[in-house]
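Enquirer: this one's sequence-less:
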């Protein structure tokens, strides 16, 4: 069992930056894939970024490429999402996910989820 706790969300002006963190429990975290998803009001949860267990492979949704960076520190059981040049359309609840198999881009590819952290970008 893995528990995930997100932090780092908040209110920021357009053009600003935030770094989200996702702290995981469990000794096997370092062997798991991790991903970030987001869900805006009235919309479905969507894939944002993912990273392989060894950080060799990263994956991004097109609209965030070049603005967001996913990384992880397995020694600290933590995965990060650095978000730069934020836009109002980035406003959503951001969720961390871990473990699983199959497509990195699908929510079905992850077994464990955090509770989410709110990110609000004002114009």
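Expert: Yep, that arrived. All values derive from a computational prediction rather than experimental measurement.
Enquirer: the residue positioned nearest the centre of the chain and residue 21: what is the separation?
Expert: By C-alpha atoms, centre = their mean, the chain has its centre lying nearest to residue 36, at 2.3 Å. Look at residue 36 and residue 21: by C-beta to C-beta, to the nearest Å, they are 11 Å apart. Every residue, glycine included, has its C-beta placed from N, CA and C.
Enquirer: shared neighbours of the two, anything?
Expert: By the contact definition C-beta atoms under 8 Å, 6 or more residues apart in numbering, residue 36 and residue 21 are jointly contacted by residue 79.
Enquirer: just give the nearest non-adjacent residue to residue 80, would you?
Expert: Setting aside the residues directly before and after it, residue 80 is nearest to residue 71 in space (C-beta to C-beta, 6 or more residues apart in numbering), at 4.9 Å.
Enquirer: neighbours around residue 76, how many?
Expert: Neighbour count for residue 76, taken as other C-beta atoms under 10 Å: 12.
Enquirer: who's in contact with the residue nearest to it when sequence neighbours are not counted?
Expert: Nearest residue to residue 76, sequence neighbours excluded (C-beta to C-beta, 6+ apart): residue 23, at 7.8 Å. Contacts for residue 23 (C-beta under 8 Å, 6+ apart) come out as 4, 5, 7, 76, 77, 78.
Enquirer: dig out what residue 23 forms beta bridges with.
Expert: On the basis of DSSP bridges, residue 23 is bridged to residue 5, residue 78.
Enquirer: coming back round to it: is the residue nearest to the centre of the chain in a helix, a strand, or coil?
Expert: strand (DSSP: H, G, I helix; E, B strand; the rest coil).
Enquirer: re earlier: most neighbours among the contacts of residue 23, which one?
Expert: residue 4 (24 neighbours).
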